Each structure stands twice: as structure tokens, then as C-alpha cells.
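*Asks:* fold the following.
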Amino acid sequence: MVRRNRAPSGCLPSVVVLPLRVARRVAMGRARVREEIGRGVALRGRVWNGIADLPFEGVVVVGMDGRVAAVGPQDSVVLPDGLRVIDCAWIGPGVTDAHVHLAATATSGHDELRAGLVAVRDLGSPVERLAHWRVAAPIVVVGAGPRVVGAPDPPPHPDPHGDGLAVVDSPALARRAVTSLAADGVDLIKVCLGGGEGSAPSRRSPLHYSELEVVVKAAHAAGLPVTAHALTVSAVELALRAGVDELAHVPLEPLPPETVDRIAAAGVPVVSTLQCHAGAGPAPGRNAALLHRAGVPLLYGTDAGGAGNRPPGVDPRELDRLAYAGLGRLGALRASTSGAARAAGFDGQRPSGRIEVGGYAAVVGLPADPLVEPAAWRHPSVVVNGQRIITA
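*Replies:* Model prediction:
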């Protein structure tokens, strides 16, 4: 049978009983609260639009509808009389974190938004918590719901992180788990194939190939992509054989060249999570460099809320590790904005990780140039998210 660990009682309001599909509709129609943008705002300073090779001295104008009205060099953009102007050292797209575990908190998403995060992708939480965040958070939230794992022997203890597990012990039950999650309205499926932290039998066991194959086929039939927790070479090979769409971590074991080539040939992106595995030795960083050189897209993700208790927001250390892997600091910013916004499950939902005229405004102003000092992300000067504006 399918078993799901429950969230601690009393930690969520009654609204979480909403199905995810209903929660998504409620979130889209949520009334505007907090600081509103009023007539609009102009951010003036060094602008990077999320895709260009170089920033420029310019201005970004956000209209009262929460969309980008203008972006360009300062001498080419005419500002309306009386428009509020905020000067920043750096202006760029807000960050998307492609690998988090949602916390049970009454301020879901507000701390993240203040820190410059405008979208997150949950890869392992109870469906009820994901539904709560969809309704309560002022940022875009997509998620996989409970992770699909194999059944250990003896049966598992309760998950200490409260992340939620869907435990299966046969191909038939694997198919049933996917059907149930698809009916719940998740955006993608996450499978655990073993390796690294959290894989001990007391917590979870990896799926067997017969179960994994069924999960992937059933998910694809339901229109859902599949991401895999695969930290060893054997787990990565299993994931590729089954046809998963993404790896949720840079693996911890040294990847042989033939495996790197297979990942590249399959067009499978890899989520970074390098900082949370900083204690695993040099292999993750080397793997990231090999993957990047082979043309594999590396997407920014921190595993926040999972391995370790990092505060919400953008992690400059993760950006630095991506830069050191060969992306450079501008490439690391791309991986955290326009790159991560294309991660499996977002399906083109706003924000796009770009600053484009007519596009939804998810723009962050920083007090320093993050290409020089990534720690500037720790204290944004201003965050504009649609019709919301938060200033330091």
C-alpha cells in the first residue's frame, strides 16, 4: 500500500485542506496586500536583464499593473512626472530556487520574498503543506508533494524533517502513487534512488528499477516530469535508463566521463545543491565542472529546508560554487534566474527570470554589484514582485 508520513498536527491552518488545483486558483486570484506599487516605480542603476552578457547603466520602470513598462539606458527612458525613483547599485531579476523543502510556518514565502526569492520549487513536502504555501505565499510555488521511495525493511520511522514520503513496494503501487499525486495536482514527481544523506533504511529506501520504470511512464502519461534524487553513479545510470527528466542534485560520487556524456546526450538538467554537500569533498564541484563543460544545464537550487537549516533567501555560497564550476558569476546568476525558472514543473509560469517589457515584474535591487560581491544578495535594497514592493 501507499503510505504517506503526516505533517505534525496543529502546525497548519485549516485552509490546507484545499486540493492543490483549488489552491493554485485561489493563489492566482489573491487580493493585493502589504505594500502596493501605487502609480508604479522606477529602479535606476546598473541593470542586468537575466540573459545579456553585460549589464548596463539604465532604468527599469514597473507600471501600476505590476508589469515591466520600460527597460533601457537612462537617457532613452522617459520617466513620468512624479514617478517614484529608487536608486540601486544593481538591478536584476529575482531568483528562483529549484530545490527547497517547504517549512511549516505562518509567514510562508514572505521571508523568501524579502530576501530576493520570487519563486521556489518544493521537492518533498506533504501535499497539505504545498497547498498551504500556494494560498499563503506571495511568491510562485510549484512542487512535487511527497517523494516516491521504496519500502524499507523494517518499516520506516517517521520522517524527522516532516517532508512527506510516498512509500511503494511494488510496480502496481508505484503506479497508484503517481495516479494519486497527479490527482492531488502536483507539478512534478520526485523519486529517490538512493545515495548520500537521508538514504539510510531508517528513513527511506531507493526504488527498484521495476518500480522506477512504472513511475516514470505513469508520470509522463499524466503530463508530469520526473526529477531524481540520485547521488551515486549507479543511481544516476538507473535514472537515465528509466528516462527521468532531471537530476535533483549534482551527484556526490565522481562521475566517469561516459556517464557525463550520457547525461548530456539525454538533455537532462542537473540542480546544483553544491553548498549543502560542501562536506562531501571535492567530487561534487568537479562533477559540476564536468557537467558544465559537457553542455549540461546546471540549475540553481539549495535544498533549503532539507539538508541543514539555512535561512530563507538567496545563498551567495551556492552562487560562488556555481561560478567556480566554470559558469562564472554572471553564468551563476543566469542559472538562478532564467535558468532555474525553466526547471521541470514551472511550465512557463511567471516569473520568467528575465526583465522584459510587458513581462511580469519580479525585480530585485541590490546595494552592491553581485558580480563583485555575491553577499549583496543577503540584504536587497528593494524587491518588486508584481504589484508588491518591499524596501529595506
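
*Asks:* you'd agree Ser170 is up against Glu211?
*Replies:* Yes: using Cβ atoms under 8 Å, Ser170 is in contact with Glu211, at 7.0 Å. C-beta here means a position set from N, CA and C on the backbone, and glycine is covered the same way.

*Asks:* out of these two, which sits in the more crowded spot?
*Replies:* Between Ser170 and Glu211, counting by other Cβ atoms under 10 Å, Glu211 is the more crowded of the two (25 against 14).

*Asks:* let me see the contact set for that one.
*Replies:* 150, 168-171, 173-174 (Cβ atoms under 8 Å, 6 or more residues apart in numbering).

*Asks:* which of the helices or strands spans it?
*Replies:* Per DSSP states H and E, Glu211 falls inside helix 209-221.

*Asks:* what's downstream of that helix, the next helix or strand?
*Replies:* With elements assigned by DSSP H and E, the helix or strand that comes after helix 209-221 is strand 226-229.

*Asks:* list the neighbouring strands of that next one plus their orientation.
*Replies:* If you go by DSSP bridges, strand 226-229 pairs up with strand 189-192 (parallel), strand 246-247 (parallel).

*Asks:* so which of those is the most packed in?
*Replies:* Mean neighbour count (mean count of other Cβ atoms under 10 Å) peaks for strand 189-192 among those, with a mean of 30.

*Asks:* ok now it, how far from the chain's centre?
*Replies:* 15 Å (Cα atoms, centre = their mean, to the nearest Å).

*Asks:* with only the CA atoms kept, save that strand in CSV.
*Replies:* Provided in CSV are the C-alpha atoms of strand 189-192 (Å, rounded to 0.1, in the frame of the first residue of the first chain):
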residue,chain,number,x,y,z
ILE,A,189,7.1,13.7,-9.4
LYS,A,190,10.3,13.2,-7.3
VAL,A,191,11.8,9.7,-7.0
CYS,A,192,14.5,8.7,-4.5
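
*Asks:* average pLDDT across that strand?
*Replies:* Regarding strand 189-192, the rounded mean pLDDT is 97.

*Asks:* residues contacting that strand, please?
*Replies:* Residues outside strand 189-192 that contact it (Cβ under 8 Å, 6+ apart): 123-124, 144, 147-150, 178, 181, 198-199, 204, 206-207, 212, 215-216, 219, 224-229, 239, 244, 248.

*Asks:* do you know how far Leu207 is from Gly92?
*Replies:* The gap separating Leu207 from Gly92 is 39 Å, by Cβ to Cβ, to the nearest Å.

*Asks:* which parts of the stretch 1-150 of the chain are helices?
*Replies:* In the stretch 1-150 of the chain, helices defined by DSSP state H, counting those that start in this stretch lie at 20-28, 110-114, 127-136, listed in chain order.

*Asks:* now the shortest one - C-alpha only, CSV.
*Replies:* This points to helix 110-114. This file holds the C-alpha atoms of helix 110-114, laid out as CSV (Å, rounded to 0.1, in the frame of the first residue of the first chain):
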residue,chain,number,x,y,z
HIS,A,110,7.3,36.4,3.0
ASP,A,111,10.8,36.0,4.3
GLU,A,112,11.8,34.5,1.0
LEU,A,113,10.4,37.4,-1.0
ARG,A,114,12.1,40.0,1.3
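
*Asks:* okay, buried residues for it please.
*Replies:* By neighbour count with 16 or more other Cβ atoms under 10 Å, helix 110-114 contains the buried residues 110, 112-114.
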